[in-house]
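J.: Got a predicted structure plus its sequence, pasted below:
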Amino acid sequence: MPSPRVPLNSVGVLLVAVILGSCGGEPQAQKGGPPSAPQVTVALPERQTITDREEYVGRFVAIDAVEVRARVSGYLEKVHFQDGQIVKQGDLLFTIDPRPFRNALDQARALLAQARSNLLYAEADLTRGQQLVRDKTITEQTYEQRLQTKRNAEAAVLANEAAVRQAELDLEFTELRAPIAGRIGDRRVSPGNLVTGGTSGNTTLLATIVSTDPIRFEFSFDEASYLRLLRARDLHGETANGEASMPVRLKLLDETRFSHEGRMDFIDNVIDRSSGTIRGRALIANKEGLFTPGMFARIQVASSPPYEALLVPDVAIGTEQTRKYVLVVGPDDVANQKYVELGQVIGGMRVIKSGLNPSDRVIVNGLMRVRPGQKVTAHVSAGDAPRASAN
């Protein structure tokens, strides 16, 4: 028999019943209501004794730099160092052929011996003449001639003694020794070449030596920074001649921390009119030879006496056009905006000079999820907030 036909209205009712049965028999509730308060992490500002510092860029400069040049002319015989090595004061560097200077010294000594012999004869002749002139055997004129001969012999001895000393110096100058301790550059002349010496301007440059430990760091700063530095130095009890020099810290271009320490030892006495800057100088230990003259670095100089300051993580700072602010959570768990004056960054922590209280709960995590005036759920977690390193 043909199957009975089911009306379309009945099919729709059956489908609705099946869907409702699969959902528990009740329609799904519409989601709504007020949004939940965002989760944030808060922390109290950290108290720390700090010193304001200003940064400058400068170069390392050797305390001593010497050009090694010969004092006598001759043929270079030997080189006694390796290019770029560290030398001590007095180390033998070059040898010029000493044979001509040794011969000149022998000749000068022979002439000195001859002059001394002539002096002995003149003295003996003068002694005999004293008795003869008393006996009227010789005239006064003859006696005066013998006296003059003795004086000339004494002068000849002095001249030849000076010639011997000069010849000894010339022979000594054939060995060129390091006048200072430091790092020597490469040799400019190979053995066998003629070296021009002396005091004229066309002498031969053989090598250069620069001292390395300690080393100086020179930098320039403007007039306003100079005034702040002077006031800070006065507060530190510094003297104008640097008897109690101010501490400084340096870092190289590939370093992230100012880990090298030194002391200011000089400030120039004139501000440059063209640039409006003045030159300063610091003295840095360089036992490991890390610093090289001419190398760039950054320096931090104290510009204030030590004082108590509040610090917050640098990530907690927000920007509104040109003003900086932090979000603090009040007793009613509402985030409020506080405008602050910023100081330096110390180990990821930002110094707050004004605008913040020690009891303020500062949002240090979740800042982008919060708007001023919004209610939040605050969690105190000091371990989540980065800490500042010691200043």
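T.: In hand now; what should we look at? Computed from a predicted model, the values in this text were never measured in an experiment.

J.: how near is the nearest residue to residue 316 once chain neighbours are set aside to residue 246?
T.: Distances taken as CB to CB, 6 or more residues apart in numbering put residue 364 closest to residue 316, at 4.7 Å, once the chain neighbours are dropped. Yep, even glycine has a C-beta here, placed from its N, CA and C like the rest. Distance of residue 364 to residue 246, computed by CB to CB, to the nearest Å: 34 Å.

J.: Tell me how many other residues surround residue 181.
T.: 16 (other CB atoms under 10 Å).

J.: surely it meets residue 66?
T.: No - with contact defined as CB atoms under 8 Å, residue 181 does not count as touching residue 66 (10.5 Å).

J.: out of residue 364 and residue 246, which sits in the more crowded spot?
T.: Applying other CB under 10 Å to residue 364 and residue 246 shows that residue 364 carries more neighbours, namely 23 against 20.

J.: Can I get the helix or strand where the more buried one lies as CSV, trimmed to CA atoms?
T.: Using DSSP states H and E, residue 364 falls within strand 361-365. Only the C-alpha atoms of strand 361-365 are listed here, as CSV (Å, rounded to 0.1, in the frame of the first residue of the first chain):
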residue,chain,number,x,y,z
ARG,A,361,50.7,51.0,43.3
VAL,A,362,52.1,51.3,39.8
ILE,A,363,50.9,49.1,37.0
VAL,A,364,54.0,47.3,35.8
ASN,A,365,52.3,44.6,33.7
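
J.: Not counting it itself, show me its contacts.
T.: 40-45, 312-313, 315-316, 326-330, 335, 356, 370, 376, 378, 380-381, 384-385 (CB atoms under 8 Å, 6 or more residues apart in numbering).

J.: now the helices for the chain?
T.: For the chain, applying DSSP state H gives helices covering 8-22, 99-134, 140-173, 223-235.

J.: could you dump those helices to a markdown table with mean neighbour count, distance to residue 284 and mean pLDDT?
T.: Converted to a markdown table, these look like this (neighbours: other CB atoms under 10 Å; distance: least, CB to CB, whole Å; pLDDT from 0 to 100):
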| stretch | mean neighbour count | distance to residue 284 | mean pLDDT |
| --- | --- | --- | --- |
| helix 8-22 | 10 | 80 | 41 |
| helix 99-134 | 15 | 43 | 91 |
| helix 140-173 | 16 | 35 | 92 |
| helix 223-235 | 15 | 18 | 78 |
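
J.: so which of those helices gets nearest residue 276?
T.: helix 223-235 (5.8 Å; CB to CB).

J.: Give the other helices and strands that the closest one contacts.
T.: Helix 223-235 sits against strand 53-61, strand 277-284, with contacts defined as 3 or more CB pairs under 8 Å, 6 or more residues apart in numbering; DSSP states H and E.

J.: Show residues contacting the first one.
T.: What it means is strand 53-61. 215-221, 225, 228-229, 249, 280-281, 284, 291-303, 344.

J.: Nearest to residue 350, out of the helices and strands packed on helix 223-235?
T.: strand 53-61 (14.0 Å).

J.: What strands flank the closest one, and is each parallel or antiparallel?
T.: Strand 53-61 has its sheet partners listed here by DSSP bridges as strand 215-222 (antiparallel), strand 296-302 (antiparallel).

J.: Compare those strands and give me the one nearest residue 120.
T.: Nearest to residue 120, of all these, is strand 215-222, at 58.7 Å by CB to CB.

J.: Enumerate the positions of the closest one that are buried.
T.: By neighbour count on 16 or more other CB atoms under 10 Å, the buried set for strand 215-222 is 215, 216, 217, 219, 220, 221.

J.: can you redo those residues as JSON lines with distance to residue 137 and pLDDT?
T.: JSON lines is the format used below for the buried residues of strand 215-222 (distance: CB to CB, whole Å; pLDDT from 0 to 100):
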{"residue": "215", "distance to residue 137": "79", "pLDDT": "95"}
{"residue": "216", "distance to residue 137": "77", "pLDDT": "95"}
{"residue": "217", "distance to residue 137": "83", "pLDDT": "95"}
{"residue": "219", "distance to residue 137": "86", "pLDDT": "94"}
{"residue": "220", "distance to residue 137": "86", "pLDDT": "93"}
{"residue": "221", "distance to residue 137": "89", "pLDDT": "91"}
